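In: Make a model of this:
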Amino acid sequence: MSDLLQPILTVDRLTMRFGGLTAIDDLSLAVPARKITAVIGPNGAGKTTLFNCMTGFYKPTLGSVRLNHPQRGVLALEGLPSHAVAHRAQVVRTFQNIRLFPRMTVLENLIVAQHNPLQAASGFSLAGLLGLPAYRRAEAKALETAVGWLTRLKLIDKADVAAGDLPYGTQRRIEIARALCVDPVLLCLDEPAAGLNPRESAELNELLQSLVADDDLSILLIEHDMSVVMNVSDHICVLNYGRKIAEGTPEEIRNNPSVIQAYLGEEEDENMDASTEGAAP
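Out: Coordinates of the predicted model:
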């Protein structure tokens, strides 16, 4: 099978139990490469638990999560700690609650995200203290990467501002920029549109689509904002009580009776249609 046809991520019969509670129940999912996949469902459906199992925060009770890395082959994410998932597998996530360093500048937040290559180049401090050439090169590259993403996300004018002093929507974009500095092959976004106004949501849609089209990224997102989900997603998986109840294109999900009954609801489904009316295909 060619690399273009292989999924970037394959979740196979994943189960996550917490005592007597089953948060994820026998879930299988293939995330297509170079596409945007959304995971939706009501609160408590298991969406964030899925992210935690994928990114090393939880060790699944059963099942596997395999990444088809473009250079490193198939990696078993369920056996890796969180730092290795981000560094070695290049699966990077943002969180539902913003986790920036509020007193650091925006630029400093993005440079700190690149601590792994900087730490390695410093020889775990000695080369950094002495200012040796290898460390200076790594430092210059980290700065170039940070400035590049700030420019791309139209945040360069905020580079020297403390992250915590900026509006909520801007902080959301900074979090995405920080994740991009780690050079992900799979970017996992946990409710990136939460708290955004309609203009900011539209800008987020444009950004996500450009990352796939221009940077060959694969994106997996959890989102409640249907104007984001239906306008940007190529593929949608619907969870309810930890089980997959539907999977398909936005059009298929919009018209799926099980989804309407379990999650969207008749009234919300009408709102969803209205929110996507006239949107670009």
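
In: I believe residue 108 is in a strand; please confirm or correct that.
Out: No - counting by DSSP: H, G, I helix; E, B strand; the rest coil, one finds residue 108 to be helix, located in no strand.

In: Look up how far residue 58 lies from the closest residue to residue 103 other than its chain neighbours.
Out: Computed as C-beta to C-beta, 6 or more residues apart in numbering, the closest residue to residue 103 that is not its neighbour in sequence is residue 162, at 5.8 Å. For every residue, glycine as well, the C-beta is placed using N, CA and C. Using C-beta to C-beta, to the nearest Å, residue 162 is found at 33 Å from residue 58.

In: picking that back up, the residue nearest to residue 103 and residue 154: what is the separation?
Out: 19 Å.

In: likewise residue 13?
Out: For residue 13, the distance to residue 154 equals 42 Å [C-beta to C-beta].

In: Neighbouring strands - and their directions - for whichever strand or helix holds residue 14?
Out: Using DSSP states H and E, residue 14 sits within strand 7-18. Neighbouring strands of strand 7-18 in its sheet, by DSSP bridges, are strand 21-32 (antiparallel), strand 62-69 (antiparallel).

In: Am I right that residue 236 falls within a strand?
Out: Yes - counting by three-state DSSP, residue 236 is located in a strand.

In: count of residues packed around it?
Out: 24 (other C-beta atoms under 10 Å).

In: and if you look at residue 137?
Out: 11.

In: these two touch, right, residue 70 and residue 185?
Out: Yes - contact criterion C-beta atoms under 8 Å: residue 70 and residue 185 qualify, at 6.2 Å.

In: Looking at these two, which one has more neighbours?
Out: residue 185 (20 against 14).

In: And what about residue 195, helix, strand or coil?
Out: With three-state DSSP as the basis, residue 195 sits in coil.

In: Can you tell me the closest non-neighbouring residue to it?
Out: residue 168 (5.0 Å).

In: For residue 92, pull up the helix or strand it's in.
Out: Judged by DSSP H and E, residue 92 forms part of strand 91-93.
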